[in-house]
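[1] give me coordinates for this.
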Amino acid sequence: MKCLRCGYCCNKYLVVVVDNPDLGISPNNLIVSKGNKPCKHLEGKNSGEYSCAIHNKDWYKETPCFLFGQIEKSEEEPCRLGVAVMEGKISI
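    Model prediction:
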């Protein structure tokens with residue numbers, strides 16, 4: 001699935017995230033982003049322009065965010081949720 005950087009997931013989903021990126025993944029360094037405020041690692045201000053401050057970390061591939069996906073035909077298929085946000089069918 002190709003992320004469209006709409007920001008919906010990082011603003012609305014409840015997910016476990018790494019609190020301090022310098023410490024990486026460890027039991028005492030995980031917090032819950034409750035979906036009532038944006039993920040603390042979200043950068044940007046507009047749909048289509050968001051990015052994640054921790055994507056470049058070696059351990060990022062072990063996070064729920066990296067593992068998130070949809071049933072798609074190929075990795076290049078755009079995120080259906082992102083399409084809906086970008087078309088104004090869903091708001092953040």
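[2] output the lowest mean pLDDT helix or strand found in the chain.
    helix 64-67 (a mean of 86; mean pLDDT, DSSP states H and E).
[3] now for that helix, which elements pack on it?
    Where contact means 3 or more Cβ pairs under 8 Å, 6 or more residues apart in numbering; DSSP states H and E, helix 64-67 is packed against strand 15-18. Glycine gets a C-beta too; all of them are placed from N, C-alpha and C.
[4] and the next element down the chain from the strand it packs on?
    For strand 15-18, the succeeding helix or strand toward the C-terminus, using DSSP states H and E, is strand 30-33.
[5] direction included, what does the helix or strand following that next one pair against?
    Using DSSP H and E, the helix or strand that directly follows strand 30-33 along the chain is strand 42-43. Strands that pair with strand 42-43, judged by DSSP bridges, come out as strand 51-52 (antiparallel).
[6] the least confident helix or strand of the chain: how far from the chain's middle?
    8 Å (Cα atoms, centre = their mean, to the nearest Å).
[7] contacts for the following helix or strand past it?
    Next along the chain after helix 64-67, taking DSSP H and E as the criterion, comes helix 80-86. Outside helix 80-86, the residues that touch it by Cβ atoms under 8 Å, 6 or more residues apart in numbering are 3-9, 47-48, 70, 90-92.
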